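Colleague: Take this sequence and fold it.
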Amino acid sequence: MTTRIKTSWTLLLTVLITFETIRCEEIADRNIGTFWHLTDVHLDLLYSQDGDPSRMCHSYPGYTPTEKLGYYGDYRCDSPPPLLEMALYRMKQIAPKPDFILWTGDDFPHVPGEEQNRTTTIANMGTILRLIQQAFPHSTIVPLLGNHDTNPSSQMSPDDKRFYTDVLTEANWHAVIPSIDFKDFIKGGYYLFETTSGIAIICLNTNLWYESNKIVAEMADPADQFQWLGLTLSKLLYSGKKAFIAGHVPPGYLETGPEYHNFYPQFNQKFIEIVRRYRSVIAGQFYGHLHTDSFRLFRDNKGVVINSAFTTPSLTPWHSTQPVNPSVRLYTYEQDGSNVMLLDYSQYYLNLLQVKNVNDSLYNLYPKKSARGKDTEFLIQQPSEQGRVHNTTGQPSAGAGQTSANITGQPSSHIFIQPSHSVLSVQLPDWQLEYTATAAYNVANISTRSLEAVYNRMREPMSELFHKYLAYYRVSNTPAACDSLCRNLQLCAISETSSDRYETCLHQSHTVSYHISQRPIKYISLVIGTLGILTVLTVVVVCVKQCRSTESKYKRIETLSVDWAEAGRYDGVSIQNMEESELN
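Modeller: Coordinates of the predicted model:
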């Protein structure tokens, strides 16, 4: 008996080990990939800690600063160079070998038009690309244009072939965009990028559909981008491939109200129709521009959710109404043959309030003459035990550590240097993991089905998940109060990207959420209302009885008058003076 039991347990244990081995092998065989999403850098090379916050933190002759601004930035201003340097450094620490880095535009700061021209705009784009390349010298970089990457801002022309050519040549984008795609990029700033693993990334120039772009207002298809998009997706469908779609300006509406479209309505509708037609091909959509953290759902003509998109928050803390903490995002996805699924993302951020008083004593950069004696080389320094500053490597940097002057011909005050391993001991301000999507929203992955489930839970009355989302929306900066109207605008912007359904959503949710938001007063109002109705009914009943009594009285009087006249009993007696008993 004991032998049989031992044999049974041994057999069971063997089976369990076999199944676990198979499961582990299946997990090992899964092709899990990662990519960074960096957007809305708005790098400001003129940022100064002694700058004027009302003028984008620039210093001006005669201006006396009333406060010392943060070394890594301020909520009222765009990204200073050290902020981008440190962001890239932390990205390198967290995931040093991503499959690619998606960089979705808006590189120039929010400065007055007179401070921007084509040369400085393209120079900023080239500078940021060089910094990314230095941090990730062996990674694929996928750049896109933002509405601030042209001059004047947002006025990007589909016919300006010289501009797109200058971006390729002067900003050095030709080094990262495949030469086979130059023709499409020069035509309108869009192109198709295929990764080594076979994922197609459709890089759109959504600035050509942006409602603030007056140049394209009367055009049917600026730079034939819709025609190209449909043809590209059709080819991918025929070949059985999946695609990511990336752009700067997202489709749909802002969370601030129906008057704020992202695309012109006719362009928005065209794009939605393409998404509906090729939804089986589109494995994910990624945008920036809004500076805030949200997502969008796409529906078919019957209202069924068929696709989704993410809007990634910005690196710059600046926002016109609600500043955010600087952030970057790391996506995880699984590729199984031609099938691609988004698994999760991790949102990392820097709390500017916590590092406001941190200065460059922890992270110093200083110029050195290069061996060529012309350009300027910038080396990372680290405080020594005696408080002196010394080079972490003990010798001039080489290879990826060598940096020439930026594209403008003037040395940047700060240029990122890929640090040696010893630099990891430097006590830099901490970029924190704000949240991972699956854990925060309690979903298995970040597929369209999962995002729809998150939305449905967020729209429940008194949803705690909605309040969590609202905190993430501004990247853990202090959230503003969100009343019922704010809640409706947020949820409808997520749920509806088409104009007709969006307006219907606002109309319906306004009525529903009004009663939800008034829930603490609802029962008191109900009691008072009921009492009021009962009072009114009582008054009505009394009035009806009184009216009926009066009506009966007057009918009786009318009858009596006839009777009296016929009987000759009037005798000059006034009816009004008759006793009540005579009228009954």
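
Colleague: in the stretch 201-350 of the chain, which segments are predicted with low confidence?
Modeller: Within the stretch 201-350 of the chain, no range satisfies pLDDT under 70.

Colleague: how about the helices in it?
Modeller: With DSSP state H, counting those that start in this stretch, the ranges of helices along the stretch 201-350 of the chain come out as 225-239, 265-277.

Colleague: can you state the direction angle for the first one and helix 265-277?
Modeller: Taking axes from the mean of the first three to the mean of the last three Cα atoms, to 10 degrees, one finds helix 225-239 and helix 265-277 inclined to each other by 0 degrees.

Colleague: Which strands and helices lie in contact with helix 225-239?
Modeller: helix 182-188, strand 200-203, strand 243-246, helix 265-277 (3 or more Cβ pairs under 8 Å, 6 or more residues apart in numbering; DSSP states H and E). Heads up, the C-betas are built off the backbone N, CA and C, glycines and all.

Colleague: gap between it and the chain center?
Modeller: What separates the centre of helix 225-239 from the centre of its chain is 26 Å, taken as Cα atoms, centre = their mean, to the nearest Å.

Colleague: buried residues in it?
Modeller: For helix 225-239, the neighbour count (16 or more other Cβ atoms under 10 Å) marks 225-226, 228-229, 232-233, 236 as buried.

Colleague: Isn't K356 up against Y75?
Modeller: No: using Cβ atoms under 8 Å as the test, K356 is too far from Y75 to be in contact (9.6 Å).

Colleague: Check S370 and give its pLDDT.
Modeller: Looking at S370, its pLDDT reads 33.

Colleague: and what of Y455?
Modeller: For Y455, the predicted pLDDT is 98.

Colleague: With V355 instead?
Modeller: At V355, pLDDT is 89.

Colleague: Make 755 the starting number, not 1.
Modeller: Got it, the first residue is 755 from now on, which makes the last one we talked about V1109.

Colleague: Neighbours of it, how many?
Modeller: Using other Cβ atoms under 10 Å, the number of residues around V1109 comes to 21.

Colleague: got the contact list for it?
Modeller: With contact set as Cβ atoms under 8 Å, 6 or more residues apart in numbering, V1109 has these partners: 824-826, 1183.

Colleague: now the residue positioned nearest the centre of the chain, which residues is it bridged with?
Modeller: The chain has T1065 as the residue nearest its centroid, 2.9 Å off, counting by Cα atoms, centre = their mean. Judged by DSSP bridges, the bridge partners of T1065 are Y1041, S1048.

Colleague: and I886, how far is that from Q909?
Modeller: 26 Å (Cβ to Cβ, to the nearest Å).

Colleague: who has more neighbours, these two?
Modeller: I886 (23 against 16).

Colleague: Could you give the number of residues near the closest residue in space to that one that isn't next to it in sequence?
Modeller: Leaving out its chain neighbours, the residue that sits closest to I886 by Cβ to Cβ, 6 or more residues apart in numbering is I895, at 5.7 Å. Each residue near I895 was counted by other Cβ under 10 Å, and the total is 20.

Colleague: hey, where'd the strands end up in the stretch 1105-1254 of the chain?
Modeller: 1118-1123, 1130-1137, 1143-1145, 1186-1190 (DSSP state E, counting those that start in this stretch).

Colleague: what stretches of this protein score poorly on pLDDT?
Modeller: Checking the chain against pLDDT under 70 turns up 755-784, 1113-1182, 1264-1287, 1289-1338.

Colleague: From the structure, what's the count of residues near the residue nearest to S1252 when sequence neighbours are not counted?
Modeller: Distance criterion Cβ to Cβ, 6+ apart; nearest residue to S1252, sequence neighbours excluded, is I1026 at 5.4 Å. Neighbourhood size, I1026 [other Cβ under 10 Å]: 21.
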